[in-house]
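J.: predicted model, plus sequence, below.
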Amino acid sequence: MYSFDQSPTDAAFVQDPYPAYDRARENGPLVWWDAYGMPAAMDHATVHAILRDRRFGRECPAELAGDIPEHLRAFYAVEAHSMLELDPPRHTRLRGLVLRGFTSRRIKELAPEIEALALELAQALPDDPFDLITAYATPLPVIVIARLLGVPDSMAPQLLNWSNAMVAMYQARRNRAIEDAAASAAQEFSDFLRGYVEERRAKPADDLITHLIAAEEEGEKLSTDELITTCILLLNAGHEATVHTLGNGVKTLLETGMLSEAQADMERTVEEILRYDPPLHMFTRYAKEPVTIHDHMFQRGDQVALMLGAANRDPANWTDPDKFDPTRAPKPNASFGAGLHFCVGAPLARLELRIGLATLLKQHPHLRLTHAPEYANLYHFHGLTRLMVRTS
Ligand code: HEM
């Protein structure tokens, strides 16, 4: 198997990983990524096939799982109940409960509220150069997910701090300080939610937390720990990736100058933004039994990296994959995953992205870059440190 000798923290790779993905893909659908010590699937067909293959799962086989270090106990106490980290049957039960509160009707009903919030944020943008990530791309999804769960808007900055500290655990350059910060954030976030859930029990409302409490109170369906973790997962996953898709998308539109093409068809534009420069580039799976893929024999417990960002640039699946084309006829890309863990929030994210982009471009038709944008060194996350623009 081809050895893919690429540091995920290398500056040039962080700024533009796609040439390295091409190089790897040209050497086979599975390559050995030295830095992660596992095979990585680079092409669309293999990534999709493994995401759907029930012989692979998210959980490390129990007999192979290592001990959790003391300083990370609080973090893994939360992760232990996260549907994102679980296989059936627990995954099926937790996901089913969340999906009941995430019906397409409920998501569609949010449109007027998202429009009003986007307009309020867009109209408050200054004339001077400013960072669009902090002023617009971040507050929009954070406030939407907080309201959906039933957490007050005023908590948004705190939710953001906890979430950033927790998801930092999944970056390549994780160290002890990042681990300690993630464990403290997990502890504080769960303590807050435990108290908040008690308040909500006494004062039910028409929100997702109340809906999940009802499932918990019905008995076997949801334990309190699962309820807390599910709220944390939704609050974190509910904005991290959307913020950076919005940022990456505006960057691409401003760099390519394709603003009018984008406005003509927001649905296609959002799909193309998701395909062309997604915010999450890699997820992993464990083999649950011996399985051979492309002549490589996985043993039980072996991991494989599924390269979403590379799959989206596979020339076998896309004509001219390196070209950003907001008129491209949409077809499934890998950005929301596939199979059992396909993103629960995809309809909400798409709605936020369409409304967020359309409102921004309508309110500020002269939006332009003032500084060259830079991606943050947080691989496998692929989002901008800041996006300096002006509106006139
Ligand atoms: C553009 C924005 C988004 C992107 C690119 C994205 C991407 C993804 C991906 C790739 C996965 C699957 C991971 C895997 O297979 O291991 C996933 C799962 C998930 N996402 Fe998203 N997501 C986005 C927005 C959202 C939003 C807005 C929410 C919540 C409201 C959300 C909630 C979740 C949850 C709960 C899961 C776990 C599903 C499961 O394990 O069954 N995501 N997301």
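T.: Now that the structure is in, tell me what you want to look at.
J.: I'd like to know which elements the helix or strand harbouring I209 is packed against.
T.: When elements are assigned from DSSP states H and E, I209 belongs to helix 208-217. Counting contacts by 3 or more C-beta pairs under 8 Å, 6 or more residues apart in numbering; DSSP states H and E, helix 208-217 packs against helix 90-101, helix 139-149, helix 176-202, helix 224-237. Where C-beta positions appear, they are placed from N, C-alpha and C, glycine not excepted.
J.: now the ones you listed in JSON lines, with mean neighbour count, mean pLDDT and distance to the ligand?
T.: Converted to JSON lines, these look like this (neighbours: other C-beta atoms under 10 Å; pLDDT from 0 to 100; distance: least, C-beta to the nearest ligand atom, whole Å):
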{"stretch": "helix 90-101", "mean neighbour count": "17", "mean pLDDT": "91", "distance to the ligand": "5"}
{"stretch": "helix 139-149", "mean neighbour count": "23", "mean pLDDT": "95", "distance to the ligand": "6"}
{"stretch": "helix 176-202", "mean neighbour count": "16", "mean pLDDT": "94", "distance to the ligand": "15"}
{"stretch": "helix 224-237", "mean neighbour count": "22", "mean pLDDT": "93", "distance to the ligand": "4"}
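J.: pLDDT weak spots in this structure?
T.: Applying pLDDT under 70 to the chain flags residues 219-220.
J.: what does it put close to the ligand?
T.: 83-84, 95, 145, 233-234, 237-238, 241-242, 245, 278-280, 283, 335-337, 341, 343-345, 348-349 (C-beta under 6 Å from any ligand atom).
J.: now, those residues that are in strands?
T.: Counting by DSSP state E, the part of the residues of the chain next to the ligand found in strands is F283.
J.: and the helices in the stretch 251-392 of the chain?
T.: 259-264, 266-276, 308-311, 346-363 (DSSP state H, counting those that start in this stretch).
J.: can you tell me which of those is most buried?
T.: helix 308-311 (a mean of 26; mean count of other C-beta atoms under 10 Å).
J.: what helices and strands are in contact with it?
T.: By 3+ C-beta pairs under 8 Å, 6+ apart, helix 308-311 packs against helix 18-25, helix 44-52, strand 282-287.
J.: pull out the buried positions in the second one.
T.: To tie it back to what came earlier, the one meant is helix 44-52. H44, T46, V47, H48, A49, I50, L51 (16 or more other C-beta atoms under 10 Å).
J.: compute the inter-axis angle for that helix and strand 282-287.
T.: 60 degrees (axes from the mean of the first three to the mean of the last three C-alpha atoms, to 10 degrees).
J.: what lines up beside the helix or strand just after helix 44-52 in the sheet?
T.: The helix or strand immediately downstream of helix 44-52 is strand 56-57, counting by DSSP H and E. As defined by DSSP bridges, the strand partners of strand 56-57 come to strand 282-287 (antiparallel).
J.: can you list contacts of the strand it pairs with?
T.: Residues from elsewhere that reach strand 282-287 (C-beta atoms under 8 Å, 6 or more residues apart in numbering): 38, 40, 50-51, 55-61, 298-309, 337, 341, 379-380.
J.: how about the protein: which residue is closest to the ligand?
T.: G345 (2.0 Å; C-beta to the nearest ligand atom).
J.: please verify my assumption that that residue contacts A237.
T.: Yes: applying C-beta atoms under 8 Å, one finds G345 in contact with A237, separated by 6.3 Å.
J.: without its sequence neighbours, what residue ends up closest to L308?
T.: Spatial nearest neighbour of L308, excluding adjacent residues (C-beta to C-beta, 6 or more residues apart in numbering): A334 at 4.1 Å.
J.: measure the one you found to C343 for me?
T.: Separation of A334 from C343 (C-beta to C-beta, to the nearest Å): 11 Å.
J.: residues in contact with I228?
T.: By C-beta under 8 Å, 6+ apart, the contact list for I228 reads V78, H81, S190, L193, R194, V197.
J.: okay, the helices and strands packed on helix 308-311 in CSV with distance to R201 next?
T.: Shown next, in CSV, are the helices and strands packed on helix 308-311 (distance: least, C-beta to C-beta, whole Å):
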stretch, distance to R201
helix 18-25, 48
helix 44-52, 38
strand 282-287, 35
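J.: follow-up on the earlier one: A334 and C343: which is more packed in?
T.: Per other C-beta atoms under 10 Å, whichever of A334 and C343 has more neighbours is A334, with 25 against 17.
J.: just to revisit the earlier point, in TSV, list the helices of the stretch 251-392 of the chain along with distance to E217.
T.: Formatted as TSV, those follow (distance: least, C-beta to C-beta, whole Å):
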stretch	distance to E217
helix 259-264	46
helix 266-276	38
helix 308-311	38
helix 346-363	26
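J.: right, so of these, which gets closest to L30?
T.: helix 308-311 (11.7 Å; C-beta to C-beta).
J.: contacts for the closest one, please.
T.: Helix 308-311 is contacted from outside by 17-18, 21, 24-25, 40-44, 46-48, 277-278, 280-283, 317, 333-335, 337, 382, using C-beta under 8 Å, 6+ apart.
J.: same check, this time on stretch 239-250
T.: Contacts with stretch 239-250, where a contact means C-beta under 8 Å, 6+ apart, come from 132-133, 136-138, 140-142, 144-145, 159-160, 163-164, 167, 269-270, 273-274, 277-280, 335, 345, 349, 352-353, 356-357, 360, 367, 373, 381-384, 387, 389.
J.: can you give me how far stretch 105-115 is from the chain middle?
T.: What separates the centre of stretch 105-115 from the centre of its chain is 20 Å, taken as C-alpha atoms, centre = their mean, to the nearest Å.
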